[in-house]
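Sequence plus predicted model, see below.
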Amino acid sequence: MPHLDFSQPPFDVLSLAERQSIRKNTQIRYLAKNESLPAEELQCLYVVIKGQIEQSLDGEFVASYVGSNHADGLNNNDWFDSRRLPESLAKDNQLEPESTPIQPYQFRANEETLLLQVAGTAIDKISAQNHLVRQMLSDKLPERLKALRQRRHNKTLDPASYTNQQEVQQIMLQPVIDVHLLPVHIVDANDSLYEAARIMTKAGLKHVLVRPLHGLDSLDDLQLDDLGGSRTAQHETGLLLGILTDTDICRAVSDRQDPATTPCQRYANFNLRTIKATDEIGDALLTMTRYRIHRLPVIDKSGDVVGVLGQSDMLAHIGHHSQLISIQIEQAQDLSSLDTAVELIGRYIRAQHHNGVKIGNISRMVQTLNAQVFTKLWQLIVPDEVVANTCLIVMGSEGRGEQIMRTDQDNALIIRDGYTHLDLAQFADTFNSHLATLGYPLCDGNIMMTNPMWRQPLKQFTAQIGLWFSNSDPMHGIYLSAILDGEYVCGDESLLTQVRQHLKLAHSQADPMFVRQFARAALQFGDVNQWWQKFVPLLGGKSASSDIDLKKAGIFPLVHGIRTLALENNVLDVPSTKARLKSLVQVSAMTQERADTLLEALEFFMAQRLSVALSTDDKHARQVDPTTLTALERDLLKECLAVVKSFKNQLRQHYQLEIA
């Protein structure tokens, strides 16, 4: 009699007693060709020993589960929980109301099939005691994806060591309030620098917060930071708090100012960023790294400053090294030293992925570090006046903060109207060629500042955007997608702000049918009724190629579909998919549960691409062979592809697009 393989998930985390319990509740189940599991047997977990099971929903093919006779080289067999409901296919479509109740899946043998049938009651009993099993078999996709991340850096997971393995990935998700905070000391703006220095010395601090003489009349110009957690001090507290550091006092002394009579307001910095006490440590690290600041006032629910998060305290808390890479980038003086820092980013990615850190946290930090590389390189190439009169932006996956590997460049240069420099074209060519030398390949579509179309004064840039909205040329949709994903790198950020404002204007003046046409791109890859055939061995043998294109089948439909919904709802001031989903929830265009599921699926595809890239050195890493994955990974891949399938159907219905 075949036995369960306790070296494979989800059974490899069972204790000896749990294994004995599972054995007592396991039996052999034979299905003849075309025989289906009856409804009363859809209360069990099944492992396919030999043969093939086809899963369907209301007659539509969903997935295939195969035994070892159909998968050369596989060291584990597919398994499925017949009790799992098709939540991702039939639920949470806010754009289209639910009209029918959720139906269970059907399971049919495509050939003579041998299964191990594990009683659902035994699984439930073990799940109640073993959270690892509960997580791997959860109905919730995010929980199963979390289980996969936790396993990646240790294939033979020992439940006893689980806590230590969890620590690395959990620490970036902890709230800021968990870190030791520096005490709050506030002085008035008209207090002297001497008084501020006296307070710093007594408190053992290198800073004090500064309260202005008068609050501002309007908060209209203040914006949330795109990282999500960082905000201006005024937005949180209603007062424009500033900060004065020991460096500011030294600057005043070097200016020959009398500390006893010089007010703090003259040297304090009132462009102060803060973070909420409930925000994640990862957000605080991103903010400090991006804006090169060392202190963040922490704001509670009432808007009060409860402490100051210091960089050294945070780094001590998380034991992180991304800040060290940032410092090395900042200190780079030439292309060679910058290349060393870029290589460190690659090592950082590998280490973080190996430790099971969530791909979203890795990608956003990589975006921040890459932006610092681009900034430093641009500053090494061009004079200060060019930096001051232009805005360098990145686009595509780099702009969205979703490019982990160095695949290709997508960048542009917005020039202030009326400003010219004879060497701008040469600067752009040098910048792109140096980035290529650093390992950022040139863009095949030529969406780079070396292309005059992507290196223009603001007025011409906005006029060009208007043309893209009014023309049906397919390339214009690609160009528009690129600029919608545009993110600031360095220079005058107000130029990008004006481009985004014009995007809203051009969209409001465009044909109402434009968004409908724009959405079509999300449906261009893969017939929705044939998606799963990659998983299905042909009756006469296996498919010639079982590889799945992660970008075409998963990433692009999600990214572009969400981008389209954002465009429809005038969510044009944030480029990342995560931020777009958050905004869509805020405007009631999508439920929070749906947004979470789409984001988890996207990050799963990104993580799989990264795994392929790290294991094969394939910088594009688009193709994944399901037969090389574990049973748990294959299960999640099928589930995430089902999420994409559901989302494409949602787009198709919402925009009334034909199936063909």
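Done, it's in.

Tell me how many other residues crowd the closest residue to residue 207 other than its chain neighbours.
Among residues not flanking residue 207 along the chain, residue 245 sits closest, at 4.6 Å (CB to CB, 6 or more residues apart in numbering). The C-beta positions use only the backbone N, C-alpha and C, and glycine is treated the same way. Taking other CB atoms under 10 Å as the neighbour definition, residue 245 ends up with a count of 19.

Contact partners for residue 245?
Listed by CB atoms under 8 Å, 6 or more residues apart in numbering, the contact partners of residue 245 are 206-207, 295.

List buried residues within those.
207, 295 (16 or more other CB atoms under 10 Å).

returning to that earlier point: tell me, what's the model's pLDDT at the residue nearest to residue 207?
Residue 245 is assigned a pLDDT of 94 by the prediction.

Torsion angles phi and psi at it?
phi -110, psi 170 (degrees, to the nearest 10).

Relative to residue 486, how far out is residue 148?
32 Å (CB to CB, to the nearest Å).

Same question for residue 144.
Applying CB to CB to residue 144 and residue 486 gives a distance of 34 Å.

Ok, residue 204 next?
44 Å.

and what of residue 360?
Residue 360 is 20 Å from residue 486, by CB to CB.

go on, residue 346?
25 Å.

higher neighbour count, those two?
Counting neighbours by other CB under 10 Å for residue 346 and for residue 486 shows that residue 486 has the greater number, 24 against 14.

which phi and psi does the more buried one have?
phi -60, psi 140.

remind me which residues of the stretch 251-400 of the chain are low pLDDT?
Residues of the stretch 251-400 of the chain meeting the criterion pLDDT under 70: 315-324, 355.

Break down it into its helices, ranges please.
281-291, 311-318, 322-331, 335-354, 359-381, 384-388, 396-400 (DSSP state H, counting those that start in this stretch).

Turn the ones you listed into JSON lines, columns for distance to residue 515.
Output for the helices of the stretch 251-400 of the chain, formatted as JSON lines (distance: least, CB to CB, whole Å):
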{"stretch": "helix 281-291", "distance to residue 515": "31"}
{"stretch": "helix 311-318", "distance to residue 515": "42"}
{"stretch": "helix 322-331", "distance to residue 515": "38"}
{"stretch": "helix 335-354", "distance to residue 515": "35"}
{"stretch": "helix 359-381", "distance to residue 515": "27"}
{"stretch": "helix 384-388", "distance to residue 515": "36"}
{"stretch": "helix 396-400", "distance to residue 515": "19"}
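
Of the ones you listed, flag the one that's most buried.
Comparing the helices of the stretch 251-400 of the chain by mean neighbour count (mean count of other CB atoms under 10 Å), helix 396-400 comes out on top with a mean of 25.

on contacts alone, who are the packing partners of that one?
strand 487-491 (3 or more CB pairs under 8 Å, 6 or more residues apart in numbering; DSSP states H and E).

partner strands of the strand it packs on, parallel or antiparallel?
If you go by DSSP bridges, strand 487-491 pairs up with strand 390-394 (antiparallel).

Using PDB, write down the CA coordinates of the partner strand.
C-alpha atoms of strand 390-394 as PDB (Å, rounded to 0.1, in the frame of the first residue of the first chain):
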ATOM      1  CA  THR A 390      15.200  69.200 -15.200                       C
ATOM      2  CA  CYS A 391      13.400  66.300 -13.700                       C
ATOM      3  CA  LEU A 392      14.800  62.800 -14.100                       C
ATOM      4  CA  ILE A 393      12.100  60.100 -13.900                       C
ATOM      5  CA  VAL A 394      12.000  56.300 -14.200                       C
END
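
And for that strand, what's in contact with it?
With CB under 8 Å, 6+ apart as the contact definition, strand 390-394 has outside contacts at 370-371, 374-375, 378, 399, 410-416, 419, 449, 486-496.

Selecting buried members of the residues you listed in ChimeraX, what would you type?
Buried residues within these, by 16+ other CB under 10 Å, are selected in ChimeraX with:
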select :370,371,374,375,378,399,410,411,412,413,414,415,416,449,486,487,488,489,490,491,492,495,496
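
does residue 63 have beta-bridge partners, and which?
residue 55.

Roughly how far does it sit from residue 634?
9 Å.

cool, and residue 35?
24 Å.

Also residue 213?
Per CB to CB, residue 213 is found 64 Å from residue 634.

which residues of the stretch 401-550 of the chain fall in helices?
424-437, 458-470, 474-484, 493-509, 514-519, 550.

Turn these into CSV, including mean pLDDT and distance to residue 596.
Putting the helices of the stretch 401-550 of the chain into CSV (pLDDT from 0 to 100; distance: least, CB to CB, whole Å) gives the following:
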stretch, mean pLDDT, distance to residue 596
helix 424-437, 94, 35
helix 458-470, 93, 31
helix 474-484, 92, 23
helix 493-509, 94, 26
helix 514-519, 91, 22
helix 550, 89, 20
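
wait, which of these is closest to residue 175?
Set against residue 175 and scored by CB to CB, the helices of the stretch 401-550 of the chain come closest in helix 493-509, at 29.0 Å.

what's the closest one packed up against?
Using 3+ CB pairs under 8 Å, 6+ apart, the elements in contact with helix 493-509 are strand 390-394, strand 411-415, helix 458-470, helix 474-484.

Show me the one of the ones you listed that comes nearest residue 186.
Nearest to residue 186, of the helices and strands packed on helix 493-509 and by CB to CB, is strand 390-394 at 35.3 Å.

now the angle from that closest one to helix 493-509?
On the basis of axes from the mean of the first three to the mean of the last three CA atoms, to 10 degrees, strand 390-394 is oriented at 70 degrees to helix 493-509.

Strand 390-394 vs strand 411-415, what angle?
160 degrees.

mind listing the strands for the stretch 151-300 of the chain?
For the stretch 151-300 of the chain, strands defined by DSSP state E, counting those that start in this stretch occupy the ranges 186-188, 207-211, 230-232, 242-245, 273-276, 295-299.

The ones you listed: which one's closest to residue 80?
Nearest to residue 80, of all the strands of the stretch 151-300 of the chain, is strand 273-276, at 41.7 Å by CB to CB.

Show me the shaky parts of the stretch 101-250 of the chain.
Residue ranges of the stretch 101-250 of the chain with pLDDT under 70: 101-102, 152-171, 214-239.

Contacts only, for the spatially most central residue of the chain.
Nearest to the mean C-alpha position of the chain, by CA atoms, centre = their mean, lies residue 360 at 3.4 Å. Neighbour list for residue 360: 578, 599, 603 [criterion: CB under 8 Å, 6+ apart].
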